[in-house]
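In: based on what follows, work out the 3D shape:
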Amino acid sequence: MYPEISDKRALATLVVIPREKLDSVRDYAIYVLRVSDLKTLLTEFGKLYSTLKSMDLGYQSAGIEFSTKMTPPTYFVNPAKLPENVAVVAIQEKLWVDPTDSTHRRVTFEVDIVTRDSHKKFRRIITIRGQHIISDVFLEE
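Out: Numbering: from 1, shown residues only. Sure thing, here's the model as predicted:
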């Protein structure tokens with residue numbers, strides 16, 4: 001089993017970045033999600049996460065609503081209300097473990113980019129059984 005992929009390695013955040021950084025962030029996200037080696041992918045995804053956190057202008061700067069009344073706390077992004085000079089990037093890594101066979105896992109890496117006039121989603125889904133990757137898919141929506 002791949003020890004790097006565990007429940008303890010959950011990454012998720014939403015950041016607001018300057019619009020002029022959008023192309024470089026999108027290109028970097030695509031590069032990271034297309035890395036072929038799983039260990040390198042995990043490392044690079046963590047770096048992408050840290051890079052985005054360091055660029056964050058704060059959700060208040062984009063008029064994004066945030067509610068703590070829901071569990072978990074939830075951001076509400078209305079693209080029509082976003083200022084022209086920002087982009088919203090949501091990034092997450094999710095792990096699913098088969099409850100009947102813990103060696104069967106699926107890890108999903110997602111990057112969503114929202115601007116006032118567009119929404120792009122990039123995903124990498126890797127399914128592992130034991131020591132073998134049985135499927136590996138990159139999707140751009």
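In: any low-confidence regions in this structure?
Out: 1-10, 70-71 (pLDDT under 70).
In: all helices in this protein, in order from the N-terminus.
Out: 22-33, 38-55 (DSSP state H).
In: counting contacts, what elements does the first one pack onto?
Out: Judged by 3 or more C-beta pairs under 8 Å, 6 or more residues apart in numbering; DSSP states H and E, helix 22-33 is in contact with helix 38-55, strand 86-97, strand 104-115, strand 118-129. Just so you know, the C-beta spots here come from the backbone N, C-alpha and C atoms, and that holds for glycine as well.
In: tabulate the ones you listed in CSV, adding columns for mean neighbour count and distance to R19.
Out: Shown next, in CSV, are the helices and strands packed on helix 22-33 (neighbours: other C-beta atoms under 10 Å; distance: least, C-beta to C-beta, whole Å):
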stretch, mean neighbour count, distance to R19
helix 38-55, 16, 12
strand 86-97, 19, 5
strand 104-115, 19, 7
strand 118-129, 16, 11
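In: in CSV: these, plus distance to K21.
Out: As requested, the helices and strands packed on helix 22-33 are exported to CSV (distance: least, C-beta to C-beta, whole Å):
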stretch, distance to K21
helix 38-55, 6
strand 86-97, 8
strand 104-115, 11
strand 118-129, 15
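In: so which of those comes closest to L14?
Out: L14 sits nearest to strand 86-97 of all the helices and strands packed on helix 22-33, at 4.7 Å, using C-beta to C-beta.
In: circling back to that earlier point, got the helices of the chain as JSON lines, with distance to L139 columns?
Out: Shown next, in JSON lines, are the helices of the chain (distance: least, C-beta to C-beta, whole Å):
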{"stretch": "helix 22-33", "distance to L139": "9"}
{"stretch": "helix 38-55", "distance to L139": "15"}
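In: center of the chain, which residue is that?
Out: I91 (2.3 Å; C-alpha atoms, centre = their mean).
In: contact partners for that residue?
Out: L11, A12, T13, L14, V15, A29, L48, Y49, L52, E110, V111, D112 (C-beta atoms under 8 Å, 6 or more residues apart in numbering).
In: same check on F109?
Out: V32, L33, L41, F45, Q92, E93, R123, R124, I125.
In: check the burial of the first one by counting its neighbours.
Out: Read that as V32. 23 (other C-beta atoms under 10 Å).
In: please consider this matter closed, and thank you.
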